[in-house]
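Trainee: the following comprises the amino acid sequence and a computationally predicted model.
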Amino acid sequence: MCHGLRKLGRHPIVVFGLMMVFAAHAAPVRAAKKPAAESNSEWPEITPAERAMMKVDEDPEADAIVLINDRSGKIAPMSNGEWVNQLVYHVRIKILTERGKRYGEVSLHADKYSRISNLHARTVKQDGTIVPVAPDQIFDKVLLQVGKYKLTETVFKFPSLEPGAILEYRFERYNNNLVYISPWFFAGAEFTLRSRLTQTVPAGTGYTVLCDLCGSAKPEITDSFEAGVKGMTYSMELRNVPGYRREEFMPPARDVTPRMEMIMQSLKNHYWEELKRRDGLFTDWASVATYTAYFYQKAIKEGQQALKPSVDEWTKGITEPQEKVKAITAHVLRDFRLAKLDYVDLYPESFQTLLKDKVATEGEKAVLLMAAFKQIGRESYAALVSGKQGGSLNPKFVSPSQFTHTVVMLPQPDGTNLWIDPSESHAPFGFMPWFDAGAEALLLKGVQGELTTLPAKNELSMSRFRVTVKPRPDGKADLEADLEFVGQDAADMRADLAPASESDRVDYLKEWVSTRRPGAVLQSQSIEALEDVEKPLKVRLTFEAPDLVTKADDLLIVRACVLTCMESNPISKGKRQHPVYVDEGWNWDETVIALSPAGMTTSQLPPPAVAKSVIGTYMLTCSARAEGGAKCSRQFVARRNRWDFDQFSNVRSMYDKIVAGDLTTVAFQKTEAGAAGGR
């Protein structure tokens, strides 16, 4: 019999005489197929109301409106005898303002367990003209390719963008993980008129359905019969759904927007070897723990021989037990490129594959860690974590879909526990990332499993920038910047830089500078302690930048802020309805040294600026330097916490003060000698 809903083509499941192969993942991710030409009649009709709509009464600030946001799923047999969940997405967005043009660029990610095909897109202009997205303008971008492992995204841009235009696209996603159906979030980035989910499952499968924050609405359940396959169809539609904007301090979507999830609870007449029982699958948290532990322990048992030479090499010459643990952790976390998933990986690849390709998900890295620790006589345990980035755990909805990743708990000789997050490949030993601190988890220990909470550890995180500005006569400036990153900031920066090639690192730093100082041109760069994660990461940059220097008569005016400035208030003017989350606190410290041009001296400094709110404190102070020029120090610190939305009123006013402070300038005036020389 089958060992669960596992790998495509490996374990047949017999249901009603059909050979069904449910899948966790099948083959390498397929590139999106270029669409064939299609007629306009294949798109649902655009109504007169949709054509006429140019504002949203419920959201006067909206830059666009989501007219349709639908997903239709069907678990069905394919021609090769395999079964897959065929998901068809349809999105229709209307641009209302110039800012709404940002929705004209779309990227669709594939991952380890899904692939995209049959993409079609078009722009319908305000005058009714239809401009399709040409097939040769749909691109498959490779995000990661190591060995046979290939991760892609499909990207395209809509043509003829203008306020009043309707952007529409649809595509298919073939998802091979059928134990749980991908969650559906009804809210879009803007106010949504209609969002609908339908999902058909074969007869004999039982799914538990959660519709969280859906109000009084309930899913409709109907019988289905298509292509000779009996089943059940679940349908749920919501209208007039407020948008979920990813502005500052927003809670995860799971905490504040309606969503529907489906998790398999039973499979008729099927014996689950993982649970040693028939029919029932995820009936309680113990079954989730036992099911997951089965695949984790199986991979560990079958992979010990393959892993042993690597462990021997990693620990060669090391005698102290804790140093062996550190060495193993460093190699597993850094030698294997992270294949990032947004959900927990229940089905690790074989160690032979992982060791060959050197690519692993968090779950696979966790399994490698536990196997390696076992070889040096240390017992450890996996924990499925509902990370702070994913949202709060609902203890009444028994589903592995609520977990975002896997960590390892290693008991210490002193009775404490060391928590190791395999996703933090470039952090100090024992470092706990912000999304794990205080997060809820399912510990896979023993046969029952145990819901627990990870320690609320507050790691120091800081970015310090020291920037020297040399004004030029042409209005530009030459800059030297010494950057120092500590804690989470350093781990995040290293995660981008360390695995990259030298040329990719240069491109990354070019983008980093230009994002913070538009128009900046990077001239040179150097990186210190990139591989030594126990030390702060240091980066030195030289670049030129416009818009920092203004000439006016005998004055030269220089901006007092360079890299951490806020040019506009990031908080919308609309009434806040969501709680305020600062799960990842920060500490930004920028010092700007503005050098006096030849023949000029400091004539005016901006007054001190202070801004405070419930989330943190901002301070800007400037002073003249004895050797000439001016020094301005900017600090912005936000502490980790959560507040109700009614405490948010002073946050926008705080940002107004920050924007005003960041726009302040230092003035230099010609000295008498300089003026005389000029005459």
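Mentor: Structure's in. What do you need? Please read all numbers here as calculations on a predicted model, not as lab measurements.

Trainee: and the closest residue to Thr361 other than its chain neighbours, how close does it get to Val91?
Mentor: Distances taken as C-beta to C-beta, 6 or more residues apart in numbering put Asp345 closest to Thr361, at 4.2 Å, once the chain neighbours are dropped. In short, each C-beta sits where N, CA and C put it, glycine included. Relative to Val91, Asp345 is positioned 28 Å away (criterion: C-beta to C-beta, to the nearest Å).

Trainee: which of the two has more residues huddled nearby?
Mentor: Neighbour count, other C-beta atoms under 10 Å: between Asp345 and Val91, Asp345 has more, with 29 against 19.

Trainee: can you read off the pLDDT for the more buried one?
Mentor: The predicted local distance difference test score for Asp345 is 90.

Trainee: could you report the neighbour count for Thr602?
Mentor: Thr602 is flanked by 19 other residues according to other C-beta under 10 Å.

Trainee: any idea how far it is from Ile557?
Mentor: Between Thr602 and Ile557 the distance, using C-beta to C-beta, works out to 11 Å.

Trainee: who touches the residue positioned nearest the centre of the chain in this structure?
Mentor: Note on the chain: the residue nearest the mean C-alpha position is Asp342, at 7.5 Å, using C-alpha atoms, centre = their mean. Residues in contact with Asp342 (C-beta atoms under 8 Å, 6 or more residues apart in numbering) are Asp111, Gly390, Thr404.

Trainee: which ones are touching Val610?
Mentor: Taking C-beta under 8 Å, 6+ apart as the definition of contact, the neighbours of Val610 are Thr617, Tyr618, Met619, Leu620, Lys657.

Trainee: which is the next helix or strand following the helix or strand of the chain with the lowest mean pLDDT?
Mentor: Of all helical and strand segments in the chain, the minimum by mean pLDDT, DSSP states H and E falls on strand 18-20, at a mean of 25. As assigned by DSSP states H and E, the chain's next helix or strand after strand 18-20 is helix 48-52.

Trainee: run me through the strand neighbours of whatever helix or strand comes next after that next one, direction for each.
Mentor: As assigned by DSSP H and E, the chain's next helix or strand after helix 48-52 is strand 64-77. In the sheet containing strand 64-77, its partner strands are strand 83-95 (antiparallel), strand 192-202 (parallel), by DSSP bridges.

Trainee: what comes up buried for stretch 408-415?
Mentor: Val408, Met409, Leu410 (16 or more other C-beta atoms under 10 Å).

Trainee: one more: stretch 585-594?
Mentor: Of the residues in stretch 585-594, those buried by neighbour count under the rule 16+ other C-beta under 10 Å are Gly585, Trp586, Asn587, Trp588, Asp589, Glu590, Thr591, Val592, Ile593, Ala594.

Trainee: same question, stretch 202-219
Mentor: For stretch 202-219, burial by neighbour count (16+ other C-beta under 10 Å) applies to Pro202, Gly204, Thr205, Tyr207, Thr208, Val209, Leu210, Cys211, Pro219.

Trainee: write the PyMOL selection for whichever of the contacts of Val610 are buried.
Mentor: Entered in PyMOL, the line below selects the buried ones among these, by 16+ other C-beta under 10 Å:
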select buried, resi 618+620+657
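
Trainee: ok, so of the buried residues of stretch 408-415, who is nearest Val142?
Mentor: Val408 (30.2 Å; C-beta to C-beta).

Trainee: just the element for that closest one, please.
Mentor: Using DSSP H and E, Val408 maps to strand 405-411.

Trainee: mean confidence score for the helix or strand following that strand?
Mentor: As assigned by DSSP H and E, the chain's next helix or strand after strand 405-411 is strand 417-420. Averaging pLDDT along strand 417-420 yields 96.

Trainee: ditto for stretch 648-664
Mentor: Here the average pLDDT along stretch 648-664 is 90.

Trainee: re the thing from before, residue contacts, the residue nearest to Thr361?
Mentor: Lys112, Thr361, Glu362, Gly363, Glu364, His405, Thr406.

Trainee: relative to Val311, how far out is it?
Mentor: Per C-beta to C-beta, Asp345 is found 22 Å from Val311.

Trainee: likewise Tyr271?
Mentor: When distances are taken as C-beta to C-beta, Tyr271 and Val311 turn out to be 35 Å apart.

Trainee: show me which of these two is the more surrounded one.
Mentor: A direct count of neighbours by other C-beta under 10 Å for Tyr271 and Val311 places Val311 higher, at 22 against 14.

Trainee: element containing that one?
Mentor: When secondary structure is defined by DSSP H and E, Val311 falls within helix 285-314.

Trainee: quick one: average confidence on that helix?
Mentor: The average of the pLDDT scores along helix 285-314 is 96.

Trainee: settle this for me: Val179 is touching Gln265, isn't it.
Mentor: No - using C-beta atoms under 8 Å, Val179 and Gln265 do not qualify as a contacting pair, with a distance of 10.4 Å.

Trainee: mutual contacts of those two, please.
Mentor: Leu281, Phe282.

Trainee: of the two, which one has the most company?
Mentor: Between Val179 and Gln265, counted using other C-beta under 10 Å, Val179 has the larger neighbour count: 21 against 18.

Trainee: if I look at that one, how far off is Tyr291?
Mentor: Distance from Val179 to Tyr291, counting by C-beta to C-beta: 8 Å.

Trainee: ok, back up a step: just the ones of the buried residues of stretch 585-594 in strands?
Mentor: Cross-referencing the buried residues of stretch 585-594 against strands under DSSP state E gives Trp586, Asn587, Trp588, Asp589, Glu590, Thr591, Val592, Ile593, Ala594.

Trainee: take the residues you listed and lay them out in JSON lines including pLDDT and distance to Pro473.
Mentor: As requested, these are arranged in JSON lines below (pLDDT from 0 to 100; distance: C-beta to C-beta, whole Å):
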{"residue": "Trp586", "pLDDT": "90", "distance to Pro473": "37"}
{"residue": "Asn587", "pLDDT": "95", "distance to Pro473": "37"}
{"residue": "Trp588", "pLDDT": "96", "distance to Pro473": "32"}
{"residue": "Asp589", "pLDDT": "97", "distance to Pro473": "31"}
{"residue": "Glu590", "pLDDT": "97", "distance to Pro473": "26"}
{"residue": "Thr591", "pLDDT": "97", "distance to Pro473": "25"}
{"residue": "Val592", "pLDDT": "97", "distance to Pro473": "20"}
{"residue": "Ile593", "pLDDT": "97", "distance to Pro473": "19"}
{"residue": "Ala594", "pLDDT": "95", "distance to Pro473": "15"}
